[in-house]
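**Q** for reference, the sequence and a predicted model appear below.
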2 protein chains.
Amino acid sequence: MSQVKAYGAADAQAELKQLTIERREVKPRDVKIKITYCGVCHSDIHTVRNDWGGSQYPVVPGHEIIGKVLEVGNEVTNFKVGDTVGVGCMVDSCRECEPCKSDLEQFCDKGMVGTYNGKDKHLGGHTFGGYSEEIIVDNYYVLNVPENLDEKAVAPLLCAGITTFSPLNHWKIKKGDKVGVIGLGGLGHMGIKFAHAMGAHVVMITTSPEKGKDAKRLGADEVLVSKDAEAMKKHNGSFDFLLNTVPVGHDTNPYLNLLKIDATMCMVGAVEPLEPMHGGNLIMGRKRIAGSLIGGIKETQEMLDFCGDNNIVSDIEMIDMNTINDAYERVINGDVKYRFVIDMESLRKE
Amino acid sequence: MSQVKAYGAADAQAELKQLTIERREVKPRDVKIKITYCGVCHSDIHTVRNDWGGSQYPVVPGHEIIGKVLEVGNEVTNFKVGDTVGVGCMVDSCRECEPCKSDLEQFCDKGMVGTYNGKDKHLGGHTFGGYSEEIIVDNYYVLNVPENLDEKAVAPLLCAGITTFSPLNHWKIKKGDKVGVIGLGGLGHMGIKFAHAMGAHVVMITTSPEKGKDAKRLGADEVLVSKDAEAMKKHNGSFDFLLNTVPVGHDTNPYLNLLKIDATMCMVGAVEPLEPMHGGNLIMGRKRIAGSLIGGIKETQEMLDFCGDNNIVSDIEMIDMNTINDAYERVINGDVKYRFVIDMESLRKE
């Protein structure tokens, strides 16, 4: 075991501050990673503040991790010291159940082990995430980072990236499809980039007209202001797919009307009760509403490779570790374009 | 034009009583049908009482029509005088739009013409349904009734049948699938019969344990009482498909938990706002909720042929036309096993 510096919250009301955590020794299949960058995800804040219940303290968040390999266990053949690697939202799963065998470890029957606040099989207690100097992870859950990408801006791909790539990939978005991305934040901005790269006609759907210009820069072909009833009506029944990234409960009925017959709206943001949906909006046109959670390890690597091939990274704003509490307030206020990434050197220097 | 006897409601508060309506003359593609039996659908009551808005009076309901061909237009080759035929929920559509060309006339871009309360292209005003002596329908919307089936009990197949067959068919239910049918009424009892005939392991899901015995008679392999939290838990994550026939807004969250990864719950009954659905219940397991509306003409004929091949009809209780108002109260109270069918001879004798 080794002791490393980290940032965490002592309880749901506490601000994050520096603390010391223990990391396990490197086992045969493990990769020891020096964390260089870590993205700031809205889930970090939800967990710190126990919004979803079940948080265990101290919470050390961070599941958009980029780093350099410091050491590998003697059974590890796919990584070597010095490699640039990534770790996303999970660090373990049973690997024996049907979902795991189907490359859907995020739905492991026994529960995936979250990168933070998961059940730590090695040291007991719970896992600590990427707001720390180092992390040790089973090589199966470690990802290759394409060399041509700016690694700082790759960090958010490990959560915001795969969360939006996976549904677009699963529902087979292709050239010419009309895809709506609802909400322009950390998730939405990646959704636009991916749908655009897949060849779709991308419509950014937002309540905020002022976001339109940026949406077009990111790859949107059109901007649809959802408060504009006339504009919404013009797009009725025309979308092949809707990616709904709104992070809170909301009225999904106006969006269901936008779907073509047999088309799907996929929810990736709102882990909350949605406002009452009208059964008739599903029944008329055999519409569907679905959800999607990150993606499996294999698909996460596919996403990173797709990003390498298409030069896609996240739009980021760099911060130092000791400004994390202010950054959280800005995330909550939607005041970031579009993802904060922590320069972990700033923690080492503290 | 000809005048025929019918039963209808003068306004949303009125009871149904005998009145006289006009039927158009037989045009080249028309089939004139002497109505022998007509099923009583919950939609009839909703329309009579203007529950969904937009009802035009007098409302003459009835869209589960069985009859004998009296006369055919000179372009009609697929029906002859004396044939036993059916008419379901629609009597026309544009036949030129994408949905119509895809055999999904129920989603016609210009709006399908409902068998009652639709826009009558021929006489102006609105269409009158099957609670009448005769009806004249374009042959495209007339269905063949398999000879081996009891035609009285075929009537409800034209709405309750296709409404439940279509989603099971569309989502490709097959031997060995675990299918839950939620709610045991006019729709639910057909859902059980179809899913059973398709080879599925059928679980009747109900709030009423006393319905269990009958569900098994209809073809259910198991009965799951949804109020029994322990029993529900045992079935968590185990269903390939759920057919939700509950006719009112309700809490769908407990059912979403029953679905396997990537599985769908299809709504066919609740044309009402559903209680708030938790986004997390869709996101965890990439679950889907969808809707389905009756079925196209081609699929309705497939359903009837499937019924002929598998000896499937509805469980019915026969009534005379003049008892319709009492029958409505019984439908509302769920006091019918499982569909009322009107013997239209009773109207002719009035």
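**A** Thanks, I have the structure now.
**Q** so which bits of the helix or strand that contains A:Tyr37 are buried?
**A** A:Tyr37 belongs to strand A:30-39 when assigned by DSSP states H and E. Within strand A:30-39, the residues that qualify as buried are A:Asp30, A:Val31, A:Lys32, A:Ile33, A:Ile35, A:Thr36, A:Tyr37, A:Cys38, A:Gly39, counting by 16 or more other Cβ atoms under 10 Å in any protein chain shown. Any C-beta I mention is one placed from the backbone N, CA and C, and that applies to glycine too.
**Q** out of these, the closest to chain B would be?
**A** A:Gly39 (19.7 Å; Cβ to the nearest Cβ).
**Q** gap between the nearest residue to the closest one once chain neighbours are set aside and A:Lys152?
**A** Closest residue in space to A:Gly39, ignoring its immediate chain neighbours: A:Glu64 at 2.9 Å, by Cβ to Cβ, 6 or more residues apart in numbering or on different chains. Distance of A:Glu64 to A:Lys152, computed by Cβ to Cβ, to the nearest Å: 11 Å.
**Q** what sits in contact with each of the two?
**A** Residues touching both A:Glu64 and A:Lys152 by Cβ atoms under 8 Å, 6 or more residues apart in numbering or on different chains: A:Val341.
**Q** of these two, who's got more company?
**A** Neighbour tally, A:Glu64 and A:Lys152, criterion other Cβ atoms under 10 Å in any protein chain shown: the higher count belongs to A:Glu64, 34 against 18.
**Q** check contacts around that one.
**A** A:38-41, A:88, A:130, A:155-160, A:339, A:341.
**Q** ok, and the most crowded of the residues you listed?
**A** A:Ala155 (37 neighbours).
**Q** residue contacts, it?
**A** Contacts of A:Ala155 were listed using Cβ under 8 Å, 6+ apart, and they are A:Tyr37, A:Cys38, A:Gly39, A:Glu64, A:Ile65, A:Ile66, A:Gly86, A:Ser314, A:Ile316, A:Arg339, A:Val341.
**Q** and if we set it to 6 Å?
**A** When contacts are counted by Cβ atoms under 6 Å, 6 or more residues apart in numbering or on different chains, A:Ala155 touches A:Tyr37, A:Gly39, A:Glu64, A:Ile66, A:Val341.
**Q** now do the host helix or strand of A:Phe306, average pLDDT.
**A** Using DSSP H and E, A:Phe306 sits within helix A:297-310. For helix A:297-310, mean pLDDT is 98.
**Q** what does stretch A:335-350 give?
**A** Averaging pLDDT along stretch A:335-350 gives 96.
**Q** now do the residue in the stretch 51-200 of chain A that chain B sits nearest to against A:Thr163, distance only.
**A** As assessed by Cβ to the nearest Cβ, chain B sits closest to A:Phe107 within the stretch 51-200 of chain A, at 5.3 Å. Separation of A:Phe107 from A:Thr163 (Cβ to Cβ): 14 Å.
**Q** look at those two and report which has more neighbours.
**A** Under the criterion of other Cβ under 10 Å, the comparison of A:Phe107 against A:Thr163 puts A:Thr163 first, with 29 against 23.
**Q** just the element for that one, please.
**A** A:Thr163 belongs to helix A:160-170 when assigned by DSSP H and E.
**Q** interface residues of chain A facing chain B?
**A** When proximity is defined by Cβ under 6 Å from any Cβ of the partner chain, chain A lies next to chain B at A:107, A:261, A:267, A:270-274, A:276-280, A:282-283, A:285-286, A:288-293.
**Q** quick check: buried residues in stretch A:55-70?
**A** Neighbour counts over stretch A:55-70 (16+ other Cβ under 10 Å) mark A:Ser55, A:Pro58, A:Val59, A:Val60, A:Pro61, A:Gly62, A:His63, A:Glu64, A:Ile65, A:Ile66, A:Gly67, A:Val69 as buried.
**Q** quick one, grab the pLDDT at the first one.
**A** Yep, that's A:Ser55 we're talking about. At A:Ser55, the pLDDT value in this model is 96.
**Q** so the residue of the stretch 51-200 of chain A closest to chain B makes contact with B:Lys260?
**A** No: contact criterion Cβ atoms under 6 Å: A:Phe107 and B:Lys260 do not qualify, at 9.8 Å.
**Q** before we move on, back to that, inside strands: which ones of the buried residues of stretch A:55-70?
**A** Of the positions in the buried residues of stretch A:55-70, A:Ile65, A:Ile66, A:Gly67, A:Val69 sit in strands, assigned by DSSP state E.
**Q** wait, which of those is closest to B:Val137?
**A** Distance to B:Val137 across those (Cβ to Cβ) is lowest for A:Ile65, with 65.7 Å.
**Q** check contacts around that closest one.
**A** Contact analysis of A:Ile65 by Cβ under 6 Å, 6+ apart lists A:Ile35, A:Cys38, A:Val87, A:Gly130.
**Q** likewise A:Gly176?
**A** Contact criterion Cβ under 6 Å, 6+ apart gives no residues in contact with A:Gly176.
**Q** again with A:Arg29
**A** Counting by Cβ under 6 Å, 6+ apart, A:Arg29 makes contact with A:Gly73, A:Glu75, A:Asp138, A:Asn139.
**Q** what is the neighbour count of A:Gln18?
**A** 13.
**Q** roughly how far does it sit from A:Glu133?
**A** To A:Glu133, A:Gln18 is 11 Å away according to Cβ to Cβ.
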